[in-house]
Structures are given as structure tokens and as C-alpha cells.
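**Student:** show me the folded form of this:
(2 chains)
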Number of protein chains: 2
Amino acid sequence: MDRMKFLRLATLEQVYSEYLRLVNPLDQIEQVPVLESLGFVSAYDVLATQDLPGFDKSLVDGYAVRSKDTIGANSNFPAMLRFAFEVKVGEEPKRTLGQNEAAWIATGAMLPSGADAVVMVEHTQRFGEYVEVMKPVAFGENVFKKDDDLKAGQTALKKGVRIEPGHVQLMLQLGIQNVKVYRRASVGVISTGDEIVEPFVQNKSIVQVRDSNSYMLEIWLKTLGFKIKRVGLCRDDEEMLFEMIKDSIENHDALVIVGGSSIGVRDLTEAAINRSGEPGVIFHGILMQPGKPTVLGLLGGKPVVGLPGNPVSFTVSAKFVLLPILRKLEGENSFLPKPLGMVRLTRNVSSRQGREHFVRVKLFAKDGCIWAEPLESETAQVSNLATADGVIRLPANIEGSYAGDFVEFYPLWFGW
Amino acid sequence: MDRMKFLRLATLEQVYSEYLRLVNPLDQIEQVPVLESLGFVSAYDVLATQDLPGFDKSLVDGYAVRSKDTIGANSNFPAMLRFAFEVKVGEEPKRTLGQNEAAWIATGAMLPSGADAVVMVEHTQRFGEYVEVMKPVAFGENVFKKDDDLKAGQTALKKGVRIEPGHVQLMLQLGIQNVKVYRRASVGVISTGDEIVEPFVQNKSIVQVRDSNSYMLEIWLKTLGFKIKRVGLCRDDEEMLFEMIKDSIENHDALVIVGGSSIGVRDLTEAAINRSGEPGVIFHGILMQPGKPTVLGLLGGKPVVGLPGNPVSFTVSAKFVLLPILRKLEGENSFLPKPLGMVRLTRNVSSRQGREHFVRVKLFAKDGCIWAEPLESETAQVSNLATADGVIRLPANIEGSYAGDFVEFYPLWFGW
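**Tutor:** As a prediction, the model looks like this:
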């Protein structure tokens, strides 16, 4: 591949199409117990092993009947049926229901053969061996058929889907014990910067900066189930960074280099990546704000992502650039960030055309709507990142949005 | 307390006000390392131990100058300054900057005393010992002052806030090593129902139902950091349930009873709760759909929540009723579910006035907006719970919403 052809600033759109096209899923499949499958991506379509619910089920407490026995019933002239038997949940009906018979049935219990509907208890009255039905029921009324939810053989979980608690719940209902998934990606993180020191170091000089990003990333990605390991701290030294990249790329599926934002430091990071293998750096900067000094490379097929050191840029870039890469690596079908709704701006927000803007916001509800109050957007203002509910996105083709406009909202810390 | 006074159906509004008022935070404080504090609720205001960033910082690569030395500069008549020294990130400037001097400074490096602004490198030219500045800078331009972000003593993390990765990141920047938090709540879960069997049991009868809810809840709440323990399976037997409640309430801060939806089973659950202590059942049903057969009680100050056995009702009730209770128990200030934006309905959805409706939806983006496609809303249809992106809320005071309306969206499985 001609390195120079790609060596340029990319739009986020280009990252999602051109760069992500070069990221190949790990495609290594393992089997895990369903009870431990949360966060894995399914490697096959999981098919229903049985019908769901599996038997004709009453949706209400009442009497199972033959619907035609209730035709014309009303409170003045109720249908008079013989009490036959009782069906509790968890037990099979004693026998077939005969003509002009009614069987007491609980919500969730199995409809006896012979019956085809259930009369709600509110529309009945019991007198010893007789049940008065004061309202007719239609064929199938208040009954959920044995395969109304899912038929045996239908897909219960699609290939390429990230397993959430709801998928576990469904597989357990079907009695599925194990599931084939793609293995999780392991991610190495190198912190770089002559100014960076470990967070709890004593007597640090006033200009030294505590490493918060790599630790935060480790904590964050662990909640998402990734195998993430902080490799260590590296000086702004090409030789040292080259050695660390070479050593750690072997043991991980992807590498994150948390770097500085100055031109010199970025040049050094790019040089070290390029020395470490082919094709090396693909994009050196993304037309997004914050997050512009993000470097994207590939070493022997493994993604190497240089994230900016500013905590705000770092976080936004991790969410909108790193996470999609890791998701594709793990075989997920739908790997792009998804907004969770629209929110209305409380005031005008300006942006520069040609780059995607992400603005930290605080949400609040008012007048039946969710509003977003933009927070101080100076990137150096990092402390409000912790108080923000998430970010709004201003697309690259606009020059800002106005108070009252609806804009896309993305939470930062949870979800994908 | 007069038990009968409260024994009634509640609106969700009443649950949030009347019931939650009775739930007292555990109020037991422990100290944890910041690196392990994710998901805990802070028990005090955490104050900044230093200014942030802590020193006057250059926002760009360029030359630190005295702004008045650049007055009137332009490309025809540049200000001619003497190159003084270089300031790299992580090092303190060698000396004070003199009049008509310029010091090379990297992004993130410390502004030398004497200087009050930074000229971007793009507006300069270097000739050996001289630096031409082709554009004037204002006082403070491209400089981020040492306490522009946070002043020492200001609040970095408020009391009663759930700690997210962004809070960890901020505390690390400040060098804060430990944080005082409320202890996490421990939750016991009892599954009930004569029809319920363990999920992987062999040769189950056709009418038996595999327990999916209690396992799912365990997996789900663990991702949120709760100490949750499945106590076991209980028959529909008041005596047995009474014994299990009595035994497990001792060892947990809250109890969840996953129950059936039939009247008889609910009566039995309520009777067992009432026998177990005071005040017992407070609300026996909530005007919400799904989730109506939710029972709320208190035993010696500990919440006891009876969740419906239908997987859809179970999940919606866990999200909108159980989670707020557990959040308040853990001392969180803001414990109610928060919508993450508005989405537009693709079609009309009807609801019954007087009860809150939650409808499973699938989201998609189109024409610059996020649309919600309502999924089959029959509660017995449980399999689509796994494919839903979340739910929309239709408030109790309306009779439905129309295609094109904006409605509140809540994800189910992640976030609070």
C-alpha cells in the first residue's frame, strides 16, 4: 500500500468508511456459558430450540371455555356452564374440556384441550358446581398460543449482535446453555509524554501532569468487557516508543497510544508507528472537535490508535473513534455510535463547517421536552467533562445550531 | 403506621414520592481507592486539592511573548523579537522572558513568567536568533490560566453523585487517591412460582417455565455494581415464602421477590410479606403498563419489591421501580430514571389514560432525526424485549401519541 496516498487528515465519515474497512474482525470463535456471555458478540445466529411460550397460555385469571358455549351471554341471560376442574400454573390440565364446561385457570396456566378461550373472572360468577358467564368471548380471546412469540427454529439472537441482559434472559427462557461468540479483543495502552507522571507520585513538579487518561480508559473499557492492559509510561523518545510498540503489539489485538497534542510529539508518535511495521500511519488527524490530533494506523492488520492527551479530546475520540474500531474488531454488525435521541438546545452553539463538533451538555426536562444546556466548550476546560450527561453532535456540514433546535445526543460513559 | 391506609394501587408518581420517601439511604460510609470507586456514590463533596491545570499553559504550538511587543505587527511589518529559549512540556521555563523576546513553547507547556500570550507558529517566522511575528496577540491569548478550569477548594465531585469514569479521570488529575463513598447495597432475589424450574433442567414438563428473570437481574445489576445474590426458588406456598423472606431479609439491604401475576399468587406473596414484619405491603400494584402487578413493601425499613414474572413486565418494573429504590438506598441525589432524549414515533400508539405506558421500540436515524418504531406491545410477546433498543414513555395523562410526535426515550439495559 502506498503510505503517502493515505497520509492525511480524515473526516469522521472517512474514518468510518475508509479506515474501518481496513479493520478486520478477529473472527476467532469460542463457546461460553450463556450465564457468562454478557458483552460478547454472537458468532452465529442462535435459533430457538422450542416454541415460546411452548404451550397455549391464559393471559388472565378466569375460566377456560369453548367460545361457542358463550355466544349471546349477558348479565341478564348468562351462559350457565358446569365447573369442570382447575388448572394451576405449572401443571398440565387434568383432562379435555367438554361442551358447556368451564375450567378455572390462572394467568400463565396452560389452556386445556377442548377450550379455545378464557373468560376473565370479572365477567363470571361461581355458584357451587356452576359458573355463570356474563359476556361472550371470541375464539382465541385471552389466550396466547404456544408459538405466538417465537417458533422453534426462528432466530432468537442474530450473528454479530452484542449480548445484552435481554438476550441472556431470552436464551435462558429457551433453555440454551452455551453460546458461540467471538473472543473479546485485548487492548494495550501506552501513555506518552515527558510531562506525564503516575497519578499519586509525591513531590511532583508544578508542570508535571498526572496520568488520568490511561487509567480512566482501563476502568471504562473494563465495564464494557474488554481485556485492557496499561502497558506503561513512555517518554517523548522515538526509540523508546518504538520498542514499547514492538513489544506490546505482539500481545494485544489493538494498541492505544495516549499522546500529547503538540506537533513535535505527534511527529514522533507517527515516526515510531511507521518504524514498527506496515502500513503504519493511515490518517494523521481527524476533522473533529475535540479530538483532532487523533492518529490512526495499522500494524500487521492490528489497529494502532493515537489518542490526544487532553482529557476532553481523549474521551470524545475514545468514544467516537476507538470504540467503533474495537467493536468491528470483535465482529459486531452495528459498530458505529448510535445517538439515543434528540435534545433541544437552550442556546445557540457555533461550529466550524468542515468538522464534526461534539459539545458537552447537561440535560434537563421541561415542558414535556428534554433540553440540553451546552457547557463551557473550551477544550482545556476539562473538569466539566465529569458533570456532563454526554455530548451533542453538530454535523460537519453546518455552521452551528440555534436555541430550540433538536440535535443528536450521545451519552459518553455508558452504552456503546 | 396504618397498613390499610396505604394498601392500594399507586401511580408511578406516587411510588416516586410516597414510597421512595419511606426508603432511607443506608448512610454507611467507607473509603475506597479512586481507582476502584466506579459506581459508588460519593458521601461528601470532594474538593479540588489544587488548581487545575495548576500552571499557566499554552493552548498552541508557537512563541510565548509579551503581548505589547506585538502591537501593530503584520506580514509587511512584522514585530522582530529575539529568540530567548525553548519551553517543552513537562519542564519549567529556564528564566523570565524579557522585553522583545520570544520563547518557543509547545502545546501544554508552561508559560514563562514575563510572557502573557502565545503567538501561533503559523503567524511567525524564525530566522536564526530572531523571530518575526506577523500578527499581534492580545493579553492572555492562547493561554489557559492556572485556575481557569478549577480552583483549589472548589467542588470537584458533589456528595450524592454516582461515580462515572469521568469523575475518576478528574480525581486522578487532582492526585486524589481515596474517596469516601456510601457502601453498595446488597440485594437478595427470591424466585417464586410452582411453574418455575432452573433454566437447564432436563426433561421439564411442557408447562414448566425456566427461570430467566432472577438470573438476568443478577447479571444486569452486577454490571451496575450491586451486590446481588439469588437466594433461590420458592414454591407458591405462603409458609415457605415467609421462611425464605425471614431468612434472607437479615442478610440483605433489599429483597426482590420475582412472582407470578395471577391474583392467588400475588395474595400469597403479600400475605408472606405482611407476616414477615412491619409495615409490610405498602402498595399492591402500580398504574403502569407493563409492570402493573408490582408489589412494594417495607420490612423494618428494608425495601421488599415484588416484581411480576412476565419477562417484559419484570424488566420494565425493574428499571422504573426497583432501580430508583436501590439508587436512593445508596444515597444518590438524583435517583429517578432519566430519559436520554426525545424520539419521533413512526406510527400512532394508543395508551389507557390513568396509567403510564412503556412501549418497546427500535431506533433508527432518518432525515436528521431519530425515529422510534414501536414493537409488538402485547406483554406476552417477550422475545422482542431482546431486540428493542429501549422503551418510550407515554405519560398517564394522555390517551396515546401520534405518528411524528416526539416522546421520551429510555434505554433499558445500560445507564441508570
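
**Student:** tell me the residue of chain A that sits nearest chain B?
**Tutor:** Here chain A gets closest to chain B at one residue, A:G341, 2.1 Å apart by Cβ to the nearest Cβ. Using the backbone N, CA and C atoms, a C-beta is placed for each residue, glycine as well.

**Student:** residue contacts, that residue?
**Tutor:** Neighbour list for A:G341: A:I370, A:E408, A:F409, B:P339, B:L340, B:G341, B:M342, B:V343, B:L363, B:I370, B:E408, B:F409 [criterion: Cβ atoms under 8 Å, 6 or more residues apart in numbering or on different chains].

**Student:** and the strand ranked longest in chain A, which strands flank it?
**Tutor:** Across chain A, the longest stretch assigned as strand under DSSP state E is strand A:356-366. Neighbouring strands of strand A:356-366 in its sheet, by DSSP bridges, are strand A:288-289 (parallel), strand A:369-374 (antiparallel), strand A:390-394 (antiparallel).

**Student:** turn these into a markdown table, columns for mean pLDDT and mean neighbour count.
**Tutor:** Converted to a markdown table, those look like this (pLDDT from 0 to 100; neighbours: other Cβ atoms under 10 Å in any protein chain shown):
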| stretch | mean pLDDT | mean neighbour count |
| --- | --- | --- |
| strand A:288-289 | 95 | 20 |
| strand A:369-374 | 96 | 20 |
| strand A:390-394 | 96 | 24 |
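
**Student:** nearest spatial neighbour of A:I273, chain-adjacent residues omitted?
**Tutor:** Leaving aside its chain neighbours, A:I273 sits nearest to A:G297 (4.6 Å; criterion: Cβ to Cβ, 6 or more residues apart in numbering or on different chains).

**Student:** from memory that neighbour sits against A:R275, does it?
**Tutor:** No - if you go by Cβ atoms under 8 Å, A:G297 and A:R275 don't touch, sitting 11.2 Å apart.

**Student:** tell me which of the two has more neighbours.
**Tutor:** A:G297 (27 against 14; other Cβ atoms under 10 Å in any protein chain shown).

**Student:** and what about the more buried one, helix, strand or coil?
**Tutor:** strand (DSSP: H, G, I helix; E, B strand; the rest coil).

**Student:** now do A:S248
**Tutor:** Reduced to three states with three-state DSSP, the structure at A:S248 is helix.

**Student:** all helices for the stretch 301-416 of chain A, in order.
**Tutor:** With helices called from DSSP state H, counting those that start in this stretch, the stretch 301-416 of chain A shows them at A:311-317, A:323-329.

**Student:** deepest in the core, which of those is it.
**Tutor:** Among the helices of the stretch 301-416 of chain A, helix A:311-317 has the highest mean neighbour count (mean count of other Cβ atoms under 10 Å in any protein chain shown), at a mean of 26.

**Student:** run through who's touching that one.
**Tutor:** So helix A:311-317 is in contact with A:212-213, A:216-217, A:258, A:261, A:286, A:288, A:290-294, A:307-308, A:358, A:360, A:379, A:381-382, A:385, A:391, A:412, B:166, B:169-170, B:173, going by Cβ under 8 Å, 6+ apart.

**Student:** one more time with 6 Å
**Tutor:** Here helix A:311-317 makes contact (Cβ atoms under 6 Å, 6 or more residues apart in numbering or on different chains) with A:N213, A:P290, A:G291, A:T294, A:L307, A:P308, A:F358, A:T379, A:V382, A:L385, B:Q169.

**Student:** surely the last one is in a helix?
**Tutor:** To tie it back to what came earlier, the one meant is B:Q169. Yes - according to three-state DSSP, B:Q169 belongs to a helix.

**Student:** now for the closest residue to it other than its chain neighbours, how many residues are close by?
**Tutor:** Closest residue in space to B:Q169, ignoring its immediate chain neighbours: A:M216 at 3.9 Å, by Cβ to Cβ, 6+ apart. Residues lying near A:M216 (other Cβ under 10 Å) number 28.

**Student:** then A:Q31?
**Tutor:** Count around A:Q31 with other Cβ under 10 Å applied: 11.

**Student:** quick revisit: distance to A:Q177 for the strands paired with strand A:356-366 - can I get that in JSON lines?
**Tutor:** Formatted as JSON lines, these follow (distance: least, Cβ to Cβ, whole Å):
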{"stretch": "strand A:288-289", "distance to A:Q177": "44"}
{"stretch": "strand A:369-374", "distance to A:Q177": "41"}
{"stretch": "strand A:390-394", "distance to A:Q177": "37"}
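
**Student:** can you pull the contacts of A:S214?
**Tutor:** Counting by Cβ under 6 Å, 6+ apart, A:S214 touches A:V189, A:S191, A:R230, A:V258.

**Student:** how about the helix or strand hosting the third one: buried residues?
**Tutor:** With secondary structure defined by DSSP states H and E, A:R230 is part of strand A:227-234. Along strand A:227-234, the positions that meet the burial threshold by neighbour count (16 or more other Cβ atoms under 10 Å in any protein chain shown) are A:I228, A:R230, A:V231, A:L233, A:C234.
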